[in-house]
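**Student:** the following block contains a protein sequence and its predicted model.
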Amino acid sequence: MYNFALDASHFNFKPEIIQLLSTFHGLDLDLHLREFEEVCNTYNDSNCSMNTIRLKLLFFSLKDKAKAWLQNLRSGSFMLGIKCNNSF
């Protein structure tokens, strides 16, 4: 099992990468995720995994109702989804 908490504490990103991220307002999730992944794949940090990079940057790409949805999730439920997804 992967420990995101340890990995995330070493995440160091440049603020200008946030400007490159597409924003998701709740319309076309597939398009947003493809564009989001393209930007994340251009970023490399030897201190953490690509999954940690994506997880950290995701919060900056969400707007409006999408961001409100994420902020209203119960603590730990987002990580539970990632763990389940990694199991299959």
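**Tutor:** Received the coordinates, thanks.

**Student:** give me the residues contacting stretch 13-28.
**Tutor:** With contact meaning Cβ atoms under 8 Å, 6 or more residues apart in numbering, stretch 13-28 is reached by 31-32, 35-36, 39, 42-43, 45, 53, 56-57, 60-66. Quick note: C-beta positions are derived from backbone N, CA and C, even for glycine.

**Student:** got a ChimeraX select line for the buried ones in these?
**Tutor:** Here the buried members of these are turned into a ChimeraX selection, burial being counted by 16 or more other Cβ atoms under 10 Å:
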select :32,35,36,39,45,53,56,57,60,61,62,66
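
**Student:** all helices for this structure, in order.
**Tutor:** Secondary structure of the chain by DSSP state H: the helices cover 4-8, 16-20, 29-41, 50-61, 64-71, 77-87.

**Student:** out of those, deepest packed?
**Tutor:** By mean neighbour count, with neighbours taken as mean count of other Cβ atoms under 10 Å, helix 50-61 ranks first of the helices of the chain at a mean of 17.

**Student:** mean confidence for that helix?
**Tutor:** Along helix 50-61, the predicted confidence averages to a pLDDT of 86.

**Student:** that helix: how far from the chain's middle?
**Tutor:** Taking Cα atoms, centre = their mean, to the nearest Å, one finds the center of helix 50-61 at 2 Å from the center of the full chain.

**Student:** hey, which helix or strand in this structure has the poorest pLDDT?
**Tutor:** Lowest on mean pLDDT, DSSP states H and E among the helices and strands of the chain sits helix 77-87, with a mean of 51.

**Student:** what about stretch 21-39, distance to the chain center?
**Tutor:** Distance of stretch 21-39 from its chain centroid, counting by Cα atoms, centre = their mean, is 11 Å.

**Student:** which pLDDT does the model give Glu35?
**Tutor:** For Glu35, the predicted pLDDT is 90.

**Student:** distance of it from Gln71?
**Tutor:** 22 Å (Cβ to Cβ, to the nearest Å).

**Student:** what do you get for Arg34?
**Tutor:** The value you get for Arg34 to Gln71, if Cβ to Cβ is used, is 24 Å.
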